[in-house]
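Asks: Here is my input; please provide its structure:
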Amino acid sequence: MNINQLIASDPYVSCWVSASAGTGKTKVLTDRVLRLLLSGAKLQKILCLTFTNAAANEMLDRVIAQLKSWACMDNAMLVASMHNMLGINPTDSQVLRARSLCNEYLQAKENIAIQTIHSFCQNLLQKFSVEAGINANFTILDELKTKEIIYFIQQNLIHSSSEIHGSLEFIANYKHETSITQLIDNIIADQRKFLSLLEHYSTAEDYQTFLLQNFSITDKESIVKQFFVKFTQCPVFDYEYQISNKISSQFVAKFIEYKKLDYSSFIQRLDEIMALFLTNNGLKRRNLISQDFKNKYHDLSEYFSLLQEDILQVHDRLNTLKIIESTYHLYRISTAVLHFYQQYKLSHNYLDYDDLIRYTHKLLRNTSSKDWILYKLDQSIDHILVDEAQDNSLEQWNIVLTLLNDLLAGGNKNNNSTFFVVGDKKQAIYSFQGADVEVFNTLSRELNSSFNVAKKPFKSVSLDVSYRSTQEILNVVHAVFTDISLQMPELFCSDDLVKLKCNRAADHGLVQLWDIVVENKSKDDKEVFWPIADASIANGIQTSMQSSYMLAKQIAHYVNLQISSKRVLPSTKQAIQCSDFLILVRRRNEFVKQLVSELRKLNLKVSGIDRVSLQDHLSIIDLISLAKFVIAQDDDLNLACLLKSPFIDCTEEDIYFLCRSKKHKDSIWQFLTTIEKDNLYYQSVVSKLHKFIDLYCSSTPDYFFHLVIEVLNYRQVLINVNIDDGNDIIDEFLKVVEYFFKSFSNSLREFIIWFDSNNIEIKRDVDTQDCINIMTVHAAKGLQAPIVILPDTTTLPISPSGILWNNDGNMLWRIQSKHCDNYLKTQAEISKHADYQEYLRLLYVAMTRAEDELIICGYNTAATAPQRCWYNIIKESMSKIPGISRRECNLDFTCINKVVYNRVEFSSELLTQIINSVQEEAAYKYSNLLECKSDVQDVNQAEHDYKSLVKQIFDFRFDLNRILELKFLSVNLISLSSFSPLEGEHGINYGVVCHKILEEITKNRNIELFLNASYVKLLTIKQKNKVEEVLNALIANQEFNYLLNSYELKSEVNVGVMCLSDHSDISSNNDAFYIDDTKVFVFKRIDLLAIKSNHIVIVDYKTDVLVPETQLEVQSSYLKQLKSYHDIIKLIYPMHTVNTKILWLENVCFMNIKI
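Replies: The predicted structure is shown next:
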């Protein structure tokens, strides 16, 4: 543990902890609980409030696991474990306490309370149900039951008063009838705000009066009358000018026509009059009259300008009136909806999650019972811990603060009572659930003051060491959000963006930014009005491929390529596998389905989507289609869908024949029953359909689906055809069927209507072993993975239109988008800005899920994405980071162009002095190139090319994606591969592959593992044979196996000189660059260092086809290279014996080189 973690987990000090992603928040929480127990705190006197049940379970598991471990450890291990947690050696009493805690936990009647705020409220209300005025045996509403209540509310609204009918009719004039259901859903979701509003204004009329007074508006007639007077007060002018200017003459003619209208006609044509001066968007029209007209009739042009301004204000005030009118009707509807909602819950003894918070808050504020309840709680809570504090709503904080105030007041509590909060402003992404980041910011300041007044110790701690991500990922995240903070200083302050120290500095990571995939439209493409399942094989109807589909295919093939490589990840120390990938999206849209499909085509295990709509799943669509058919056989579209489904499995040609051959008035079913006698194929189709009808007629509606799925065994048929996911989806569907028939009706027809009108989603557990996980960023909160892919980066947040709440808790509703006044526009912009800030915080959460590698990609229909989208924000920030490079990755069907950021690996011990012959070494740097490039006349150009190559190579980590992608190098590759057994550019490929495999072999100590590695498989047959020959020879080579098994091996070691003085000769060298503000010059990359006690062996790999027999025949450039290796290593390890060898890969033999 680091010092800040030790301070934060101190059981005697209350603490506010700011914990950036990956800084060990859960460990601090767990350790604090354990240290509280070690300090003597009772299990039942600790309350830890988490944000999710998953987080609560994880933390409880960690605590229990540690207690079990302590009970079983020997003394030495126990002391070491406790020392790591406490920062000091434990006392004898603490050791005894640690051993006894597990038994105490098992024997305790009331255990430690690690739970969500809602679970805490539920337990409290059940314990004090009489004081809360509710039935103790209440049930928590689930999603399906809520849909049942909405159905109940709809039925009751229909039979409500004439006032409610009038409001429903008003809404129906502007909205589709299905919008009523969505409106009810929105009212229930925002019930907390609506109930607060209803407390302040008892009737819709009262609220309407308040709004009219607030906007200083009386009624429409007074506004129009004032405008009519101004409009008719036009100065006299010469109308002959109309003829000389067409634009002005049209405007003036219309104006004269409207000016002659009486008041009643004026009101009727008011929209036309406004349209003369304003655009459809309510903006002032430009160039009402020409410049010549303005010059000739200056007074008149000024009049028109002032009149246009007046019309703009009138338009705005009339829109305000329309907004107030629609708000009035919404208020009426919301009053009725919440009345029926509360009535249903009360009669059926239900509470929803908002009720838990509301009733608990009311209970703790009740003066008659508050003291009694706090007294009882006072006996059971001494220590309060709050996790993910940034995601708590104001109402939730009020509950916690009520408990805290009692803690600060003292009462019957002991002096060791503590309060602990941990959160991160940058990860506040749940505003749609009521969380308010400003409340979080305010509390962090006020708590410190409260504890000072109470004379209790309180500390603010920031965790600044990341244990999750590699340095590359941390660098990119820091760069991105530093740039954001400069543009939006109100979003993050400097304290929020402290550059984290990396606990995994030795592990190398990778950040990739793929080029955006753009839809490739052909000029010859024909538009179609129906979706095509696979655009790439649409038989010429649509030859272009959707950009989302193209990206899904790229990701699937890239993932497959990485898994095939079996490369070892730094975080897992194991070969890469499916479960190492986490793909995060903002929305569950069509792209996610395409991605799942593409991954499964490559036989990759994928968990699927974390939240699935039953209506969108093919198996469920087929089952509903079957149910519709047995009820109504004459629905041609439905029957065509059923014939294509796995139940019948007709081809499209069969269906086309039926549709084309039947008579116009006949249905497909009628035609089928006619032709079945003469056609055995259609006879079997009709027979199967009749069996389904008979099954429906002979069974009860609630049992129909069960018979089809289980008895007729169509479950497996549906699963086989619709690929995967079938079992749990079908099981959930059967639960929904059972629920409907128990709760509503026994009619299959009514079930279909209900099912089609409700979007029923199921939440699935995606934490599956060895599966690629795909989920939303919100669902991934608290999770992490070695490789994270962000494909949904090119869209901006869409602020919900409609109901708008201001900071005072007042509500406005525009029933149509065109009815928007200046006030609502301003409030909408404020809301939009807040949504964009949360959009950026969501980006932080998404990027910080990655442990080793982060991949950012995106798709778009246009060539460029919105300027402020995730993709462009990251792209701009990455472009400023030193060390990025352009790369390519070849897949089977395309090439991914990308920007890559990774580090160069440096030896752990830099040189402490500069080599005496710096000039000689600098001159040598280019000697090899100059010898190889003897045909190049311009030596300066040769040196420039070589420097470019060196920079690219040092940026290049030889990852799989780049093995065959060295074409970007700006030098002549032929000259560098002239000594390879494979000519030209293939020689570079061969050399790179050999180096890569040898690097992996020395890391994993296993040669056989790489005989079937993807590095080999990707080569040509000639290259593959050559590499396999080398590997087989290495397996048999005794000297190589001795090094492999007897030495500590370091592969691809970069050694450099740190400039200790600004006067150093190296400081002026162009190849010097900075690492953490220290200038470093890279001399060499050593292929292999073998270290054993006081002996070091330097091995340099060479792929020359002509292997020299003695050292005298070795090229002088090779000898100089090895000498420089020897001299540098000797400076680092002056007490070691250093030997140098060349490993000739052509015949796999070692040659000792004497220096």
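
Asks: Mind listing what's buried along stretch 687-703?
Replies: L689, F692, L695, Y696, P701, D702 (16 or more other Cβ atoms under 10 Å). (Each C-beta comes from the backbone N, C-alpha and C, glycine too.)

Asks: Same list (those) but as JSON lines, adding pLDDT, distance to I1153 and secondary structure.
Replies: Converted to JSON lines, the buried residues of stretch 687-703 look like this (pLDDT from 0 to 100; distance: Cβ to Cβ, whole Å; DSSP: H, G, I helix; E, B strand; the rest coil):
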{"residue": "L689", "pLDDT": "93", "distance to I1153": "84", "secondary structure": "helix"}
{"residue": "F692", "pLDDT": "94", "distance to I1153": "83", "secondary structure": "helix"}
{"residue": "L695", "pLDDT": "92", "distance to I1153": "85", "secondary structure": "helix"}
{"residue": "Y696", "pLDDT": "92", "distance to I1153": "87", "secondary structure": "helix"}
{"residue": "P701", "pLDDT": "86", "distance to I1153": "87", "secondary structure": "helix"}
{"residue": "D702", "pLDDT": "85", "distance to I1153": "85", "secondary structure": "helix"}
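
Asks: Out of those residues, which comes closest to S444?
Replies: D702 (54.9 Å; Cβ to Cβ).

Asks: The closest one: what's it in contact with?
Replies: Applying Cβ atoms under 8 Å, 6 or more residues apart in numbering, we find D702 in contact with V737, E738, F741, N746.

Asks: low-scoring stretches of the stretch 551-700 of the chain, by residue?
Replies: For the stretch 551-700 of the chain, the stretches flagged by pLDDT under 70 are 608, 610.

Asks: what are the ranges of the strands in it?
Replies: Secondary structure of the stretch 551-700 of the chain (DSSP state E, counting those that start in this stretch): strands at 581-585, 606-609, 611-613.

Asks: what's the first one packed up against?
Replies: Helices and strands touching strand 581-585, as assessed by 3 or more Cβ pairs under 8 Å, 6 or more residues apart in numbering; DSSP states H and E, comprise helix 590-601, strand 772-776, strand 785-790.

Asks: hang on, the earlier thing: so which of the contacts of D702 sit within helices?
Replies: If you go by DSSP state H, these have V737, E738, F741 in helices.

Asks: As CSV, the residues you listed with distance to S579 and pLDDT would be great.
Replies: Putting the ones in helices among the contacts of D702 into CSV (distance: Cβ to Cβ, whole Å; pLDDT from 0 to 100) gives the following:
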residue, distance to S579, pLDDT
V737, 34, 91
E738, 34, 90
F741, 39, 88
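
Asks: hmm, back to that, name the nearest of the contacts of D702 relative to I789.
Replies: Lowest distance from I789 to the contacts of D702 (Cβ to Cβ) belongs to V737, with 36.6 Å.

Asks: Now do the contacts for that closest one.
Replies: Residues in contact with V737 (Cβ under 8 Å, 6+ apart) are D702, F705, H706, F751.

Asks: Can you select the buried ones from the contacts of D702 in PyMOL?
Replies: Those of the contacts of D702 that count as buried under 16+ other Cβ under 10 Å are selected in PyMOL with:
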select buried, resi 737+741
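
Asks: Which one of the contacts of D702 is nearest to L86?
Replies: Among the contacts of D702, and counting by Cβ to Cβ, the member closest to L86 is E738, at 54.2 Å.

Asks: Tell me how far the nearest residue to that closest one once chain neighbours are set aside lies from H617.
Replies: Leaving out its chain neighbours, the residue that sits closest to E738 by Cβ to Cβ, 6 or more residues apart in numbering is D702, at 7.2 Å. Remark: distance between D702 and H617 (Cβ to Cβ, to the nearest Å) = 21 Å.

Asks: so I267 sits right up against V224, yeah?
Replies: Yes. The pair I267 / V224 is scored as a contact, 6.0 Å apart, by Cβ atoms under 8 Å.

Asks: So which of those two has more stuff around it?
Replies: A side-by-side neighbour count of I267 and V224, using other Cβ atoms under 10 Å, places V224 first with 18 against 15.

Asks: so who does the more buried one touch?
Replies: Counting by Cβ under 8 Å, 6+ apart, V224 makes contact with F266, I267, L270, V314.

Asks: quick one: which of these sit in helices?
Replies: Per DSSP H, those map to helices at F266, I267, L270, V314.

Asks: quick revisit: which single one of the contacts of V224 is nearest to Q670?
Replies: L270 (55.8 Å).

Asks: Pull the contacting residues for the closest one.
Replies: Here L270 is in contact with V224 (criterion: Cβ under 8 Å, 6+ apart).

Asks: Look at it and report its pLDDT.
Replies: pLDDT recorded at L270 is 90.

Asks: Also N773?
Replies: If you check N773, the pLDDT there is 91.

Asks: what's the answer for the one 5 residues further on, then?
Replies: Per-residue pLDDT puts H778 at 92.

Asks: which stretches of the stretch 151-300 of the chain aren't confidently modelled?
Replies: 177-178, 234-249.

Asks: for it, what spans make up the helices?
Replies: Along the stretch 151-300 of the chain, counting by DSSP state H, counting those that start in this stretch, helices occupy 162-172, 178-189, 191-200, 204-214, 220-232, 241-244, 246-259, 263-268, 270-277, 291-296, 298-348.

Asks: To Q837, which of those helices lies closest?
Replies: helix 191-200 (20.3 Å).

Asks: per-domain residue ranges of the chain.
Replies: The chain breaks down into these domains under automatic domain parsing: 3-136+354-463, 162-349, 510-590+772-796+814-901, 613-763, 918-1153.

Asks: With distance to E598 as extra columns, can I get the ones you listed in TSV?
Replies: Formatted as TSV, the domains of the chain follow (distance: least, Cβ to Cβ, whole Å):
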stretch	distance to E598
domain 3-136+354-463	28
domain 162-349	33
domain 510-590+772-796+814-901	4
domain 613-763	11
domain 918-1153	18
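
Asks: right, and those domains - which one's nearest L500?
Replies: Distance to L500, taken as Cβ to Cβ, is lowest for domain 3-136+354-463 among these, at 6.0 Å.

Asks: quick revisit: relative to F481, which of the domains of the chain is closest?
Replies: For these, distance to F481 was read as Cβ to Cβ. The smallest value, 6.3 Å, belongs to domain 510-590+772-796+814-901.

Asks: Could you pull up the mean pLDDT of stretch 110-127?
Replies: 91.

Asks: Just the residues contacting that stretch, thanks.
Replies: Defining contact as Cβ under 8 Å, 6+ apart, one finds that stretch 110-127 is touched by 33, 43-44, 46-53, 56, 59-60, 63, 105, 132, 134, 136, 138, 140, 351, 353, 356-357, 359-360, 363, 376-377, 380, 392, 396, 399-400.

Asks: Could I have the buried ones of those residues as PyMOL selection syntax?
Replies: Of the contacts of stretch 110-127, the buried ones can be selected in PyMOL as follows, counting by 16+ other Cβ under 10 Å:
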select buried, resi 33+43+44+46+47+48+49+50+51+56+59+60+63+105+132+134+138+351+356+357+359+360+363+377+392+396+399+400
